[in-house]
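Need a 3D model of the following:
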Amino acid sequence: MDGRDLVRSMKAVGSAGAGRGLLTVRAAWRRRRTDALGLPPRGAERARVPGLVVSARRAPGGGVVRFARAELRITVT
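I've put the predicted structure just below:
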């Protein structure tokens, strides 16, 4: 359900009562479900890791830790 469906369902609850609003929400869920049937199945998500630690450098009030694919700047206040 995207934001437009949610706003539409909330308007229906306010103007026509809770019963009509429930029907609108169910229709939005059903519409989303039928749209998702045509999409390819989602695969397993892999965690994105920064890699191995390459170096660490001290600095006043913190430091920098360099990884294979990222850099982490640490500041102590």
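
Low-confidence regions, this protein specifically.
1-19, 31-37 (pLDDT under 70).

Which parts of it belong to which domain?
Domains of the chain are assigned by the TED database as 1-39, 46-76.

for the last one, how far is the first residue from the last?
Across its full length, domain 46-76 reaches 31 Å end to end, with C-alpha to C-alpha, to the nearest Å as the criterion.

Tell me the buried residues in that domain?
Buried residues in domain 46-76, counted by 16 or more other C-beta atoms under 10 Å: 65-66. Just so you know, the C-beta spots here come from the backbone N, C-alpha and C atoms, and that holds for glycine as well.

In this protein, what residue spans correspond to strands?
53-59, 62-67, 71-75 (DSSP state E).

neighbouring strands for the first one, and are they parallel or not?
Within its sheet, strand 53-59 is paired with strand 62-67 (antiparallel), according to DSSP bridges.

Kindly export the strand it pairs with (C-alpha atoms) in PDB.
Taking Å, rounded to 0.1, in the frame of the first residue of the first chain, the C-alpha atoms of strand 62-67 are listed here in PDB:
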ATOM      1  CA  GLY A  62      39.300  10.500  17.600                       C
ATOM      2  CA  GLY A  63      40.800   8.900  14.500                       C
ATOM      3  CA  VAL A  64      40.100   7.200  11.200                       C
ATOM      4  CA  VAL A  65      39.700   3.500  10.600                       C
ATOM      5  CA  ARG A  66      40.100   2.500   6.900                       C
ATOM      6  CA  PHE A  67      38.400  -0.700   5.600                       C
END
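
Report the angle between that strand and strand 71-75.
Angle of strand 62-67 versus strand 71-75, following axes from the mean of the first three to the mean of the last three C-alpha atoms, to 10 degrees, is 170 degrees.
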